[in-house]
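# Here is a sequence with its predicted model. Questions after.
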Amino acid sequence: MQNAAGKPRFAIENIMKPEDWLRLDAQLCFRLYAASRTVTQCYQPLLAPLGLTYPQYLVMLVLWEEDGLLVKEVGERLRLDSGTLTPLLKRLEQAGHIRRERRAENQREVRLMLTDTGRALQASALGVPQGLAQALGMPVDEIVALRGLLDKLLAQSDGCADASACTTAGDQKKSA
């Protein structure tokens, strides 16, 4: 697809000069990284009374939606590998929020079950999303719009995890 000037629609030169391409403030990755860190920090005072860290909160959100998932399924939902997920689950289990059960049919698969304490924690967590919206100081419609854009970004970039699915800077230069 091309624009009116005959350049590819997604060409970066359509929005900035080549000498600006490597400026930090021009990088999407940096803005996403910085925003992620800042938003995660906003969660800390909201989650502290629950005794949860932000990654633990994400695990609990998944299990509150659907109890009894396999570790693999929770990892897929959260886009986390088992090496990252296992210590989180161990701490949640030590806190009494979840139970890990090996499946009789396949001992390599571990099912995650909420305990009564873990289920009860959900009621205490109900104020977290509203607290975050207040901490961010953004209108709800803007938060919803941003979430939609991030969903689109995730869907569009999923293929980039496979290096062969993304073009490199050299490939882009050759095709220009």
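Great, that's in hand.
# Report how many residues lie close to residue 58.
Residue 58 is flanked by 18 other residues according to other CB atoms under 10 Å. From N, CA and C alone the C-beta is placed, and that goes for glycine too.
# Correction: the previous question concerned residue 120.
By other CB under 10 Å, 11 other residues sit near residue 120.
# One more: residue 153?
By other CB under 10 Å, 12 other residues sit near residue 153.
# for residue 35, same thing?
Other residues near residue 35 number 12, with proximity taken as other CB under 10 Å.
# Kindly provide the distance from it to residue 138.
According to CB to CB, to the nearest Å, residue 35 and residue 138 sit 12 Å apart.
# Name the residues of stretch 71-86 that come out as buried.
For stretch 71-86, burial by neighbour count (16 or more other CB atoms under 10 Å) applies to 71, 74-75, 77-78, 80, 85.
# neighbouring contacts of that stretch?
55, 58-59, 62-63, 69, 89, 100, 109-112 (CB atoms under 8 Å, 6 or more residues apart in numbering).
# for stretch 31-49, same thing?
Under the contact criterion CB under 8 Å, 6+ apart, stretch 31-49 has outside partners 53-54, 56-57, 124, 127-128, 131-132, 135-136.
# separation between the residue positioned nearest the centre of the chain and residue 69?
The residue lying closest to the centre of the chain (CA atoms, centre = their mean) is residue 78, at 6.4 Å. Taking CB to CB as the measure, residue 78 falls 11 Å from residue 69.
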